[in-house]
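**Q** Dropping the sequence and predicted coords here.
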Amino acid sequence: MAFPAPVWLAVQDELLSGGEPEEDCGSRSCFDDFTEEALFETFHLSRPCIAFITDAVRMRVKSAAFKKSQPPVDVMLMAALNYYALGTFTSAVQVKAAPANLAAMVSTVSGVIAGMSDVFISFPLTAEARTRTASKMQERCGIPGVLGVLAPAHFKIRASPYDKETFKSFINSLGYTSVVSQFICDSEGNILSVEKCCVGSTFEQELWDTSFKGREVEDDLHGAFWLIGGKGYHLSRHVLTPVPEPANQSEARFNEAHGKMHQVMHGMLCSMKRRFRCLLQLGFVEEASLNKKSNIIKACSVLHNIAQKFSVPLPPAAGNNELPYPGKPYSAPAEISQAALQARQELIDRNFCVPPNSRDALGSNHLKEDV
(Lines give C-alpha, C1' and ligand atoms only; values in the text may rest on other atoms or scores of the structure.)
Protein backbone atom coordinates (compact mmCIF):
# COMPACT_ATOMS: atom_id res chain seq x y z
CA MET A 1 0.00 0.00 0.00
CA ALA A 2 1.12 3.54 -0.60
CA PHE A 3 1.09 4.38 3.06
CA PRO A 4 2.99 2.33 5.68
CA ALA A 5 1.46 -0.60 7.57
CA PRO A 6 1.18 1.34 10.87
CA VAL A 7 -1.41 3.60 9.22
CA TRP A 8 -3.54 0.56 8.36
CA LEU A 9 -3.10 -0.77 11.88
CA ALA A 10 -4.12 2.56 13.35
CA VAL A 11 -7.21 2.72 11.14
CA GLN A 12 -8.17 -0.84 12.04
CA ASP A 13 -7.61 -0.18 15.74
CA GLU A 14 -9.83 2.89 15.59
CA LEU A 15 -12.55 1.04 13.70
CA LEU A 16 -12.54 -2.11 15.79
CA SER A 17 -11.88 -0.76 19.28
CA GLY A 18 -11.91 3.02 19.29
CA GLY A 19 -14.81 5.24 20.23
CA GLU A 20 -18.14 4.34 21.77
CA PRO A 21 -19.59 1.00 20.67
CA GLU A 22 -22.45 1.00 18.23
CA GLU A 23 -25.84 -0.17 19.44
CA ASP A 24 -25.80 -3.09 17.00
CA CYS A 25 -22.07 -3.75 17.23
CA GLY A 26 -22.46 -7.03 19.08
CA SER A 27 -25.63 -8.10 17.30
CA ARG A 28 -25.88 -10.73 14.63
CA SER A 29 -24.96 -9.62 11.11
CA CYS A 30 -26.82 -10.69 7.97
CA PHE A 31 -23.46 -11.99 6.69
CA ASP A 32 -23.46 -14.60 9.47
CA ASP A 33 -26.10 -16.63 7.61
CA PHE A 34 -23.69 -17.39 4.75
CA THR A 35 -21.31 -20.33 4.79
CA GLU A 36 -17.68 -19.53 3.93
CA GLU A 37 -18.17 -20.88 0.42
CA ALA A 38 -21.46 -19.05 -0.16
CA LEU A 39 -19.99 -15.84 1.26
CA PHE A 40 -17.14 -15.84 -1.23
CA GLU A 41 -19.37 -16.81 -4.16
CA THR A 42 -21.82 -14.03 -3.30
CA PHE A 43 -19.41 -11.18 -2.46
CA HIS A 44 -15.95 -12.27 -3.75
CA LEU A 45 -14.48 -11.24 -0.39
CA SER A 46 -13.43 -13.12 2.76
CA ARG A 47 -15.25 -12.93 6.09
CA PRO A 48 -12.48 -10.97 7.91
CA CYS A 49 -12.35 -8.53 5.01
CA ILE A 50 -16.14 -8.03 5.05
CA ALA A 51 -16.09 -7.56 8.83
CA PHE A 52 -13.46 -4.84 8.46
CA ILE A 53 -15.43 -3.12 5.66
CA THR A 54 -18.65 -3.31 7.72
CA ASP A 55 -17.02 -1.60 10.70
CA ALA A 56 -15.46 1.05 8.46
CA VAL A 57 -18.82 1.81 6.81
CA ARG A 58 -20.60 1.88 10.19
CA MET A 59 -18.13 4.44 11.48
CA ARG A 60 -18.54 6.61 8.37
CA VAL A 61 -22.35 6.36 8.45
CA LYS A 62 -22.39 7.24 12.14
CA SER A 63 -20.25 10.33 11.60
CA ALA A 64 -22.42 11.41 8.65
CA ALA A 65 -25.63 11.26 10.74
CA PHE A 66 -27.72 9.26 8.27
CA LYS A 67 -31.51 9.15 8.49
CA LYS A 68 -32.88 6.77 11.09
CA SER A 69 -35.26 5.38 8.47
CA GLN A 70 -32.36 3.82 6.53
CA PRO A 71 -32.10 -0.01 6.60
CA PRO A 72 -29.37 -1.46 8.89
CA VAL A 73 -25.84 -0.82 7.68
CA ASP A 74 -25.03 -4.51 7.24
CA VAL A 75 -28.13 -5.01 5.07
CA MET A 76 -27.28 -2.05 2.84
CA LEU A 77 -23.68 -3.21 2.59
CA MET A 78 -24.78 -6.78 1.77
CA ALA A 79 -26.81 -5.49 -1.19
CA ALA A 80 -23.99 -3.25 -2.43
CA LEU A 81 -21.25 -5.89 -2.13
CA ASN A 82 -23.45 -8.41 -3.93
CA TYR A 83 -24.02 -5.96 -6.77
CA TYR A 84 -20.31 -5.05 -7.00
CA ALA A 85 -19.32 -8.73 -7.12
CA LEU A 86 -21.87 -9.99 -9.65
CA GLY A 87 -23.41 -6.95 -11.34
CA THR A 88 -26.81 -8.18 -10.16
CA PHE A 89 -28.51 -9.43 -6.98
CA THR A 90 -28.80 -13.07 -5.96
CA SER A 91 -32.15 -14.35 -4.76
CA ALA A 92 -30.74 -14.90 -1.25
CA VAL A 93 -29.72 -11.24 -0.98
CA GLN A 94 -33.05 -10.05 -2.39
CA VAL A 95 -34.92 -12.02 0.26
CA LYS A 96 -32.74 -10.75 3.12
CA ALA A 97 -32.96 -7.13 1.92
CA ALA A 98 -36.73 -7.08 1.25
CA PRO A 99 -38.68 -4.84 1.15
CA ALA A 100 -35.91 -2.20 0.82
CA ASN A 101 -35.01 -0.62 -2.53
CA LEU A 102 -31.86 -2.45 -3.66
CA ALA A 103 -30.72 0.19 -6.16
CA ALA A 104 -31.11 2.95 -3.57
CA MET A 105 -29.02 0.97 -1.07
CA VAL A 106 -26.25 0.47 -3.65
CA SER A 107 -26.27 4.19 -4.41
CA THR A 108 -26.07 5.13 -0.73
CA VAL A 109 -23.30 2.67 0.13
CA SER A 110 -21.33 3.59 -2.99
CA GLY A 111 -21.29 7.21 -1.87
CA VAL A 112 -20.15 6.22 1.61
CA ILE A 113 -17.34 3.89 0.45
CA ALA A 114 -16.22 6.34 -2.25
CA GLY A 115 -15.91 8.89 0.54
CA MET A 116 -13.53 6.53 2.35
CA SER A 117 -10.97 6.94 -0.45
CA ASP A 118 -9.23 9.59 1.66
CA VAL A 119 -8.16 6.75 3.99
CA PHE A 120 -7.75 3.74 1.72
CA ILE A 121 -6.45 5.28 -1.52
CA SER A 122 -3.28 7.17 -0.73
CA PHE A 123 -0.59 8.74 -2.89
CA PRO A 124 2.90 8.66 -1.28
CA LEU A 125 3.01 12.05 0.43
CA THR A 126 6.16 12.00 2.56
CA ALA A 127 9.74 11.95 1.28
CA GLU A 128 10.25 8.56 2.93
CA ALA A 129 7.10 7.10 1.32
CA ARG A 130 8.05 8.44 -2.11
CA THR A 131 11.57 7.03 -1.87
CA ARG A 132 10.25 3.64 -0.78
CA THR A 133 7.66 3.53 -3.56
CA ALA A 134 10.20 4.56 -6.21
CA SER A 135 12.66 1.94 -4.96
CA LYS A 136 10.06 -0.82 -5.39
CA MET A 137 9.22 0.44 -8.86
CA GLN A 138 12.90 0.38 -9.85
CA GLU A 139 13.26 -3.18 -8.54
CA ARG A 140 10.34 -4.18 -10.77
CA CYS A 141 11.32 -2.46 -14.03
CA GLY A 142 14.77 -0.86 -13.68
CA ILE A 143 13.52 2.70 -14.19
CA PRO A 144 14.53 4.96 -11.28
CA GLY A 145 12.54 7.85 -9.81
CA VAL A 146 9.08 6.51 -10.68
CA LEU A 147 6.15 6.77 -8.25
CA GLY A 148 3.50 4.92 -10.22
CA VAL A 149 1.80 4.03 -13.49
CA LEU A 150 -0.70 6.47 -14.97
CA ALA A 151 -3.45 5.19 -17.28
CA PRO A 152 -7.08 5.63 -18.30
CA ALA A 153 -9.54 2.89 -17.33
CA HIS A 154 -12.57 2.34 -19.53
CA PHE A 155 -15.78 0.79 -18.21
CA LYS A 156 -18.47 -0.36 -20.62
CA ILE A 157 -21.87 1.33 -20.40
CA ARG A 158 -25.11 1.57 -22.33
CA ALA A 159 -26.14 4.92 -23.77
CA SER A 160 -29.25 6.01 -25.61
CA PRO A 161 -28.74 5.84 -29.41
CA TYR A 162 -31.59 8.32 -29.94
CA ASP A 163 -29.44 11.29 -28.89
CA LYS A 164 -26.78 10.80 -31.56
CA GLU A 165 -24.34 13.45 -30.35
CA THR A 166 -24.38 12.22 -26.76
CA PHE A 167 -24.16 8.59 -27.87
CA LYS A 168 -21.17 9.41 -30.06
CA SER A 169 -19.38 11.10 -27.15
CA PHE A 170 -19.41 7.83 -25.17
CA ILE A 171 -17.71 5.82 -27.96
CA ASN A 172 -14.02 5.23 -27.21
CA SER A 173 -11.19 4.48 -29.63
CA LEU A 174 -11.93 0.72 -29.44
CA GLY A 175 -15.44 1.36 -30.77
CA TYR A 176 -17.64 0.63 -27.73
CA THR A 177 -19.52 2.97 -25.39
CA SER A 178 -17.78 3.59 -22.08
CA VAL A 179 -16.96 5.98 -19.29
CA VAL A 180 -13.30 6.60 -18.49
CA SER A 181 -11.53 7.32 -15.21
CA GLN A 182 -7.91 8.15 -14.44
CA PHE A 183 -5.95 5.62 -12.37
CA ILE A 184 -2.48 5.58 -10.84
CA CYS A 185 -1.15 2.34 -9.31
CA ASP A 186 2.11 1.21 -7.73
CA SER A 187 4.35 -1.75 -8.59
CA GLU A 188 2.17 -4.14 -6.54
CA GLY A 189 -1.14 -3.16 -8.12
CA ASN A 190 -2.33 -1.00 -5.23
CA ILE A 191 -4.36 2.01 -6.36
CA LEU A 192 -2.67 5.30 -5.45
CA SER A 193 -5.19 7.62 -7.07
CA VAL A 194 -8.49 7.45 -8.94
CA GLU A 195 -10.47 10.40 -10.16
CA LYS A 196 -12.71 11.67 -12.95
CA CYS A 197 -15.53 9.87 -14.71
CA CYS A 198 -15.91 11.19 -18.24
CA VAL A 199 -17.45 10.11 -21.53
CA GLY A 200 -15.44 7.42 -23.30
CA SER A 201 -14.20 9.67 -26.12
CA THR A 202 -12.22 11.83 -23.68
CA PHE A 203 -8.47 11.99 -24.35
CA GLU A 204 -6.31 10.74 -21.47
CA GLN A 205 -4.14 13.85 -21.72
CA GLU A 206 -7.27 15.91 -21.15
CA LEU A 207 -8.07 13.81 -18.07
CA TRP A 208 -4.56 14.45 -16.75
CA ASP A 209 -4.55 18.18 -17.47
CA THR A 210 -7.85 18.72 -15.64
CA SER A 211 -7.29 16.32 -12.72
CA PHE A 212 -6.34 17.34 -9.18
CA LYS A 213 -3.45 14.88 -9.16
CA GLY A 214 -2.24 16.10 -12.54
CA ARG A 215 -2.05 19.68 -11.33
CA GLU A 216 -0.33 18.65 -8.09
CA VAL A 217 2.31 16.56 -9.87
CA GLU A 218 3.03 19.06 -12.64
CA ASP A 219 3.31 21.84 -10.02
CA ASP A 220 6.13 19.86 -8.33
CA LEU A 221 4.13 19.21 -5.15
CA HIS A 222 5.31 15.58 -5.15
CA GLY A 223 8.96 16.18 -5.91
CA ALA A 224 11.18 15.35 -8.87
CA PHE A 225 9.59 12.00 -9.67
CA TRP A 226 8.03 10.46 -12.76
CA LEU A 227 4.75 8.70 -13.48
CA ILE A 228 4.84 6.17 -16.31
CA GLY A 229 2.33 7.11 -18.99
CA GLY A 230 1.37 5.53 -22.32
CA LYS A 231 1.35 6.98 -25.80
CA GLY A 232 -1.86 8.91 -25.10
CA TYR A 233 0.08 11.25 -22.81
CA HIS A 234 2.58 13.99 -23.60
CA LEU A 235 6.12 13.59 -22.33
CA SER A 236 6.66 16.13 -19.55
CA ARG A 237 8.86 16.75 -16.52
CA HIS A 238 6.76 14.25 -14.55
CA VAL A 239 5.07 11.97 -17.12
CA LEU A 240 7.48 9.47 -18.68
CA THR A 241 6.30 8.16 -22.03
CA PRO A 242 7.90 5.49 -24.27
CA VAL A 243 10.22 6.43 -27.12
CA PRO A 244 7.93 6.51 -30.22
CA GLU A 245 10.51 5.07 -32.62
CA PRO A 246 13.47 3.49 -30.80
CA ALA A 247 16.70 4.23 -32.67
CA ASN A 248 18.94 1.81 -30.77
CA GLN A 249 18.97 -1.07 -28.30
CA SER A 250 19.13 1.22 -25.27
CA GLU A 251 15.86 2.88 -26.23
CA ALA A 252 14.31 -0.50 -27.05
CA ARG A 253 15.30 -1.81 -23.60
CA PHE A 254 13.79 1.28 -21.99
CA ASN A 255 10.53 0.75 -23.88
CA GLU A 256 10.48 -2.87 -22.74
CA ALA A 257 10.87 -1.84 -19.09
CA HIS A 258 8.22 0.86 -19.60
CA GLY A 259 5.83 -1.72 -21.05
CA LYS A 260 6.44 -4.05 -18.11
CA MET A 261 4.94 -1.48 -15.75
CA HIS A 262 1.92 -1.00 -18.01
CA GLN A 263 1.33 -4.73 -17.65
CA VAL A 264 1.02 -4.15 -13.89
CA MET A 265 -1.68 -1.55 -14.48
CA HIS A 266 -3.48 -3.81 -16.95
CA GLY A 267 -3.30 -6.71 -14.49
CA MET A 268 -4.68 -4.52 -11.70
CA LEU A 269 -7.63 -3.38 -13.81
CA CYS A 270 -8.34 -6.97 -14.92
CA SER A 271 -8.27 -8.09 -11.28
CA MET A 272 -10.69 -5.34 -10.31
CA LYS A 273 -13.14 -6.30 -13.04
CA ARG A 274 -12.79 -9.97 -12.16
CA ARG A 275 -13.60 -9.38 -8.47
CA PHE A 276 -16.19 -6.64 -9.08
CA ARG A 277 -18.07 -7.76 -12.17
CA CYS A 278 -20.40 -4.77 -12.08
CA LEU A 279 -17.45 -2.93 -13.68
CA LEU A 280 -17.75 -5.13 -16.78
CA GLN A 281 -21.02 -3.37 -17.60
CA LEU A 282 -22.11 -0.33 -15.58
CA GLY A 283 -25.52 -0.17 -17.24
CA PHE A 284 -27.37 2.79 -18.72
CA VAL A 285 -25.63 6.14 -18.41
CA GLU A 286 -26.45 9.73 -19.25
CA GLU A 287 -23.99 12.59 -18.90
CA ALA A 288 -26.06 13.91 -16.00
CA SER A 289 -25.69 10.62 -14.09
CA LEU A 290 -21.89 10.26 -14.32
CA ASN A 291 -21.45 11.01 -10.61
CA LYS A 292 -23.33 7.85 -9.64
CA LYS A 293 -21.07 5.73 -11.86
CA SER A 294 -18.04 7.57 -10.49
CA ASN A 295 -19.03 6.57 -6.94
CA ILE A 296 -19.29 2.91 -7.96
CA ILE A 297 -15.88 2.98 -9.65
CA LYS A 298 -14.26 4.70 -6.68
CA ALA A 299 -16.00 2.39 -4.18
CA CYS A 300 -14.69 -0.68 -6.02
CA SER A 301 -11.23 0.92 -6.00
CA VAL A 302 -11.36 1.33 -2.22
CA LEU A 303 -12.51 -2.27 -1.83
CA HIS A 304 -9.75 -3.46 -4.19
CA ASN A 305 -7.10 -1.94 -1.94
CA ILE A 306 -8.70 -3.43 1.17
CA ALA A 307 -8.92 -6.87 -0.48
CA GLN A 308 -5.24 -6.55 -1.41
CA LYS A 309 -4.38 -5.84 2.21
CA PHE A 310 -6.34 -8.90 3.37
CA SER A 311 -4.80 -11.08 0.60
CA VAL A 312 -8.24 -12.15 -0.60
CA PRO A 313 -7.89 -14.49 -3.63
CA LEU A 314 -9.59 -13.64 -6.88
CA PRO A 315 -12.75 -15.52 -7.89
CA PRO A 316 -12.68 -17.76 -10.97
CA ALA A 317 -12.54 -15.81 -14.23
CA ALA A 318 -15.93 -15.25 -15.84
CA GLY A 319 -14.45 -14.89 -19.33
CA ASN A 320 -11.43 -13.61 -21.22
CA ASN A 321 -9.59 -10.54 -19.95
CA GLU A 322 -10.14 -7.34 -21.88
CA LEU A 323 -7.37 -6.24 -24.22
CA PRO A 324 -5.16 -3.41 -22.96
CA TYR A 325 -6.47 0.01 -23.97
CA PRO A 326 -4.13 1.29 -26.72
CA GLY A 327 -4.40 4.95 -25.77
CA LYS A 328 -5.89 7.88 -27.62
CA PRO A 329 -3.24 10.43 -28.58
CA TYR A 330 -4.24 13.81 -29.92
CA SER A 331 -4.34 13.88 -33.71
CA ALA A 332 -2.45 17.18 -33.77
CA PRO A 333 1.22 16.78 -32.78
CA ALA A 334 2.06 18.27 -29.38
CA GLU A 335 4.99 20.55 -28.73
CA ILE A 336 7.26 18.52 -26.45
CA SER A 337 9.53 20.24 -23.97
CA GLN A 338 13.17 19.91 -24.96
CA ALA A 339 14.06 19.70 -21.27
CA ALA A 340 11.74 16.68 -20.89
CA LEU A 341 13.24 15.01 -23.96
CA GLN A 342 16.73 15.54 -22.60
CA ALA A 343 15.77 14.23 -19.15
CA ARG A 344 14.33 11.04 -20.69
CA GLN A 345 17.40 10.54 -22.85
CA GLU A 346 19.73 10.99 -19.88
CA LEU A 347 17.67 8.45 -17.91
CA ILE A 348 17.98 5.96 -20.79
CA ASP A 349 21.74 6.56 -21.18
CA ARG A 350 22.35 6.07 -17.44
CA ASN A 351 20.20 2.99 -16.93
CA PHE A 352 19.66 1.18 -20.24
CA CYS A 353 22.92 1.63 -22.12
CA VAL A 354 23.76 -1.62 -23.96
CA PRO A 355 27.23 -2.95 -23.10
CA PRO A 356 29.62 -3.53 -26.02
CA ASN A 357 28.91 -6.73 -27.92
CA SER A 358 31.14 -9.48 -26.60
CA ARG A 359 31.78 -10.65 -30.15
CA ASP A 360 33.00 -7.18 -31.15
CA ALA A 361 35.21 -7.06 -28.08
CA LEU A 362 36.65 -10.46 -28.95
CA GLY A 363 37.28 -9.29 -32.52
CA SER A 364 39.21 -6.28 -31.22
CA ASN A 365 41.43 -8.56 -29.15
CA HIS A 366 42.20 -10.68 -32.20
CA LEU A 367 43.15 -7.57 -34.14
CA LYS A 368 45.53 -6.52 -31.36
CA GLU A 369 47.13 -9.99 -31.33
CA ASP A 370 47.61 -9.93 -35.13
CA VAL A 371 49.31 -6.57 -34.92
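**A** Sure thing, it's come through.
**Q** State the phi and psi torsions of the residue nearest to residue 354 when sequence neighbours are not counted.
**A** Spatially, and ignoring its direct neighbours in sequence, residue 354 is nearest to residue 249 (4.2 Å; CB to CB, 6 or more residues apart in numbering). Quick note: C-beta positions are derived from backbone N, CA and C, even for glycine. Residue 249 adopts backbone torsions of phi -70, psi -30, taken as degrees, to the nearest 10.
**Q** ditto for the one 3 residues further on
**A** With angles defined as degrees, to the nearest 10, residue 252 sits at phi -70, psi -40.
**Q** How about the contacts made by the closest residue in space to it that isn't next to it in sequence?
**A** Nearest non-adjacent residue to residue 252, counting by CB to CB, 6+ apart: residue 246, 4.4 Å away. Counting by CB atoms under 8 Å, 6 or more residues apart in numbering, residue 246 touches 252, 254-255.
**Q** Assumed residue 330 was part of a helix.
**A** No: with DSSP: H, G, I helix; E, B strand; the rest coil as the criterion, residue 330 is assigned coil and is not in a helix.
**Q** any idea how far residue 48 is from it?
**A** As judged by CB to CB, to the nearest Å, residue 330 and residue 48 stand 47 Å apart.
**Q** ok, now residue 148?
**A** Applying CB to CB to residue 148 and residue 48 gives a distance of 28 Å.
**Q** Of the two, which one has the most company?
**A** Between residue 148 and residue 48, residue 148 has the larger neighbour count (other CB atoms under 10 Å), namely 29 against 10.
**Q** Who does the residue nearest to the more buried one when sequence neighbours are not counted form a beta bridge with?
**A** Excluding its sequence neighbours, the residue lying closest to residue 148 (CB to CB, 6+ apart) is residue 184, at 4.4 Å. Beta-bridge partners for residue 184, by DSSP bridges, are residue 150, residue 193.
**Q** tell me the phi and psi of the residue nearest to residue 252?
**A** phi -60, psi 130.
**Q** got the contact list for residue 200?
**A** 154, 157, 169-172, 176-180.
**Q** Just read off the phi/psi values of it.
**A** phi -60, psi -20.
**Q** burial of the residue nearest to residue 354, as a residue count?
**A** Neighbours of residue 249 (other CB under 10 Å): 13.
**Q** do the same with the one 10 residues further on
**A** A count of nearby residues for residue 259, using other CB under 10 Å, gives 14.
**Q** Can you give me the distance of the closest residue to residue 199 other than its chain neighbours to residue 211?
**A** Closest residue in space to residue 199, ignoring its immediate chain neighbours: residue 169 at 4.3 Å, by CB to CB, 6+ apart. Distance of residue 169 to residue 211, given as CB to CB: 19 Å.
**Q** Which of the two has more residues huddled nearby?
**A** residue 211 (19 against 16).
**Q** Do I have it right that that one meets residue 196?
**A** Yes: in this structure, residue 211 is within contact of residue 196 by CB atoms under 8 Å, at 5.8 Å.
**Q** so what sits against both of the two?
**A** residue 182.
**Q** What pLDDT does the model give residue 65?
**A** pLDDT, residue 65: 62.
**Q** do the same with residue 361
**A** Per the predicted model, pLDDT is 41 at residue 361.
**Q** from here on, count from 560
**A** All set: I'll call the first residue 560, so the last point we hit is now residue 920.
**Q** in the stretch 560-709 of the chain, which spans are strands?
**A** 705-715 (DSSP state E, counting those that start in this stretch).
**Q** hmm, back to that, give me the buried subset of the contacts of residue 759.
**A** Buried members of the contacts of residue 759, scored by 16 or more other CB atoms under 10 Å, are 713, 716, 728-729, 731, 736-739.
**Q** which of these sit farthest apart?
**A** 713 and 728 (13.6 Å; CB to CB).
**Q** can you pull the contacts of residue 825?
**A** So residue 825 contacts residue 883 (CB under 8 Å, 6+ apart).
**Q** hang on, it in a helix?
**A** Yes: according to three-state DSSP, residue 825 belongs to a helix.
**Q** how much space is there between it and residue 653?
**A** 35 Å.
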